[in-house]
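*Asks:* requesting a structural model of the entry that follows:
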Amino acid sequence: MVLLPGAAGAVLFLTGVVSLSLLPLWLGLSVLGGVAAALLAFFMVRWKDHQARMLGRTLQEARQGKWVAELQRIGLDIPLPWSDFSIAPDAACILVREVLVQQPEFVLECGSGVSTVLIAHCLKRLGRGRLYSLEHEPKWAQQTRRLLRAAGLERNAVVIDAPLVARQVEGRSWDWYSKFERQLPDRPIDLLFVDGPPPQKEGRRRSSRYPALPLMADRLSSKALVLLDDVRREGESRMIAAWTRKYINADVTWFRTERGLAALHRTPEEPDEVLSNPLEQASLSRAPRHDSARRWSTPL
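*Replies:* Below you'll find the predicted structure:
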């Protein structure tokens, strides 16, 4: 069939009308396709990140599981509620070793939980010493007391309700434990374990645990040991530099645990040089490495 010029024009006109009427649909489909592709790419990235985190957590739990198994060697018969808020098993192994080696008479702990039970069990095993644990959360304090009762350790440890209040330290306000001083024995502290209070809103460069030594240094014995958890955080590592500069002469040991652990062994002599901030000098990964598998296994 041969189209007349008028008919051809009409067909072209109708084609144009149809194309224009379908243009919004085509544009809409194109936009939807672009959005769908962007969402798919976003969720694929999120999925990969999730998988990487899950793999990292699985590897981390496997490593920590080894230390949980090692802790069973001390003969503690109750299950412990390990969590992101409790001391990690690798750091707990070092804590147990230090208590058994130091054989303290008076242990003070900032922040109760799994570590409270472990320290109390070690003191019971040694047949000497008592632990006083400060806790600002009433529910957490009750949970720790239940764990102590279940393990038969009530005589070896006391959990003190110590709500956080504003305290002035070095001209600045800090939230620190209160209402505990009269409940402590009138004798020097042989071992101070600082694992609380939890981080507050001051920022990474300021640790909520800084007041521990300014307020407790004059109560430490001449050969006291101070243990500080979570020293991979910037605030805690800077805090140790300030402590050793202002309040305590100590040999400092950095342990490469999951969250970082530091031990300050008090020395009566003035040190030749003050420990500088490891973040300014070297990363924690370059700090003196102590293989905890060798260092703590013998005392257990």
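*Asks:* state which strand of this protein is the longest.
*Replies:* In terms of residue count, the longest strand belonging to the chain (DSSP state E) is strand 220-229.
*Asks:* buried ones in that one?
*Replies:* Along strand 220-229, the positions that meet the burial threshold by neighbour count (16 or more other CB atoms under 10 Å) are Leu220, Ser221, Ala224, Leu225, Val226, Leu227, Leu228, Asp229. C-betas here are computed from N, CA, C, even on glycine.
*Asks:* beta partners for the closest residue to the fourth one other than its chain neighbours?
*Replies:* Taking CB to CB, 6 or more residues apart in numbering, and ignoring the residues beside it in sequence, Leu225 has Leu191 as its nearest neighbour in space, at 5.0 Å. Judged by DSSP bridges, the bridge partners of Leu191 are Val107, Leu225.
*Asks:* Pro104 versus Leu191, what's the distance?
*Replies:* According to CB to CB, to the nearest Å, Leu191 stands 4 Å off from Pro104.
*Asks:* neighbours around the residue nearest to Leu225, how many?
*Replies:* Counted with other CB atoms under 10 Å, the burial measure for Leu191 works out to 25 neighbours.
*Asks:* surely it and Lys223 touch.
*Replies:* No: distance between Leu191 and Lys223: 10.2 Å, which falls outside the contact criterion (CB atoms under 8 Å).
*Asks:* now the strands for the stretch 151-300 of the chain?
*Replies:* Applying DSSP state E, counting those that start in this stretch to the stretch 151-300 of the chain gives strands spanning 157-161, 164-169, 172-177, 189-194, 220-229, 250-255, 261-266.
*Asks:* each with direction, which strands does the second one pair with?
*Replies:* I take that to be strand 164-169. Sheet partners assigned to strand 164-169 using DSSP bridges are listed as strand 172-177 (antiparallel).
*Asks:* kindly export the strand it pairs with (C-alpha atoms) in PDB.
*Replies:* Listed in PDB are the C-alpha atoms of strand 172-177, where the atom choice follows Å, rounded to 0.1, in the frame of the first residue of the first chain:
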ATOM      1  CA  ARG A 172      37.600  20.200  86.600                       C
ATOM      2  CA  SER A 173      34.400  18.400  87.300                       C
ATOM      3  CA  TRP A 174      34.300  14.700  87.000                       C
ATOM      4  CA  ASP A 175      31.500  12.100  87.700                       C
ATOM      5  CA  TRP A 176      33.100   9.800  90.300                       C
ATOM      6  CA  TYR A 177      32.100   7.200  92.900                       C
END
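*Asks:* quick one: buried residues of it?
*Replies:* By neighbour count, and taking 16+ other CB under 10 Å as the criterion, the buried residues in strand 172-177 are Trp174, Asp175, Trp176, Tyr177.
*Asks:* how about the helices in the stretch 51-200 of the chain?
*Replies:* For the stretch 51-200 of the chain, helices defined by DSSP state H, counting those that start in this stretch occupy the ranges 89-102, 114-126, 138-150.
*Asks:* what mean pLDDT does the second one get?
*Replies:* Read that as helix 114-126. Along helix 114-126, the predicted confidence averages to a pLDDT of 96.
*Asks:* what about the stretch 101-250 of the chain, any weak spots by pLDDT?
*Replies:* By pLDDT under 70, the low-scoring segments of the stretch 101-250 of the chain are 201-205.
*Asks:* the helices in the stretch 201-300 of the chain, which residues?
*Replies:* 212-216, 234-246, 278-281, 292-295.
*Asks:* next, count neighbours for Gln103.
*Replies:* Counted with other CB under 10 Å, residues neighbouring Gln103 total 14.
*Asks:* which residues touch it?
*Replies:* The neighbours of Gln103, taking CB atoms under 8 Å, 6 or more residues apart in numbering as the test, are Leu126, Arg128, Gly129.
*Asks:* just among those residues, which is most surrounded?
*Replies:* Result: Gly129 is most packed of these (other CB under 10 Å), 21 neighbours.
*Asks:* thought that residue was touching Phe106?
*Replies:* Yes: Gly129 lies in contact with Phe106 (CB under 8 Å); the separation is 6.9 Å.
*Asks:* shared neighbours, these two?
*Replies:* The contact lists of Gly129 and Phe106 share Asp190, where a contact means CB under 8 Å, 6+ apart.
*Asks:* what is the mean pLDDT for the helix or strand containing Ala41?
*Replies:* When elements are assigned from DSSP states H and E, Ala41 belongs to helix 5-71. Across helix 5-71, the average pLDDT comes to 62.
*Asks:* mind giving me the domain ranges of this protein?
*Replies:* Structural domains annotated on the chain: 22-73, 75-295, as defined by automatic domain parsing.
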